[in-house]
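Asks: Here is my input; please provide its structure:
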Amino acid sequence: MDLLLDTHAFIWWNAQDRRLADVAREAIRDPGNRVIVSAASVWEIAIKRKIGKLSFRHDVLPAITADGFETIDITPGHADAAGSLPLHHADPFDRLLVAQARIEQLVLVTQDRQILPYGVPLIGVS
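Replies: Purely as a prediction, here's the structure:
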């Protein structure tokens, strides 16, 4: 399975935070799954650190590599699709992740219930 981590899932994974659902943790740990972090999440972490809304102890890119995760760039197609989504979710980073999951056929690892109406495959939402 190809997994795309929502920003909070990536942060919680790195912090070994118990808020990450067990099913999500198991899927990320599974060596048969490919785990991907979006450039959108890297951007979101950088912005939120800068404005003081987030404390992430690691350098993001080395953390992705150390975890054995892959990255996905933002393409014009992803950006266009994100902008065309219904406004079920106002967060532009999450909308971009939904677009990437749709286009690239990825399973989104998230606990954000606002993503449910988009109909993308999810792990972690109960």
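Asks: Pull the contacting residues for Ser84.
Replies: Ser84 sits next to no residue when contact means C-beta atoms under 8 Å, 6 or more residues apart in numbering. In this view, the C-beta of every residue, glycine as well, is placed from N, C-alpha and C.
Asks: Pop out the phi and psi values for it.
Replies: The phi and psi values for Ser84, taken as degrees, to the nearest 10, are phi -90, psi -10.
Asks: got it, and Asp2?
Replies: The phi and psi values for Asp2, taken as degrees, to the nearest 10, are phi -100, psi 120.
Asks: What distance do you get for it to His58?
Replies: From Asp2 across to His58, the span is 24 Å (C-beta to C-beta, to the nearest Å).
Asks: With Ala46 instead?
Replies: Taking C-beta to C-beta, one finds Ala46 at 12 Å from His58.
Asks: my read: Leu116 touches Val125, true?
Replies: Yes - with contact defined as C-beta atoms under 8 Å, Leu116 reaches Val125; the gap is 6.4 Å.
Asks: for the nearest residue to Gln114 once chain neighbours are set aside, what are its contacts?
Replies: Closest residue in space to Gln114, ignoring its immediate chain neighbours: His89 at 4.5 Å, by C-beta to C-beta, 6 or more residues apart in numbering. Taking C-beta under 8 Å, 6+ apart as the criterion, His89 is in contact with Arg95, Val98, Asp112, Gln114, Ile115, Tyr118.
Asks: between those residues, which has the most around it?
Replies: Val98 (29 neighbours; other C-beta atoms under 10 Å).
Asks: Name the SS class of that one, please.
Replies: Following DSSP: H, G, I helix; E, B strand; the rest coil, we place Val98 in the helix state.
Asks: wait, doesn't it sit right on Pro86?
Replies: No - Val98 lies out of contact with Pro86 (C-beta under 8 Å); the separation is 10.2 Å.
Asks: Is Leu85 in contact with Asp94, as I believe?
Replies: No - using C-beta under 8 Å, Leu85 is not in contact with Asp94, being 9.8 Å away.
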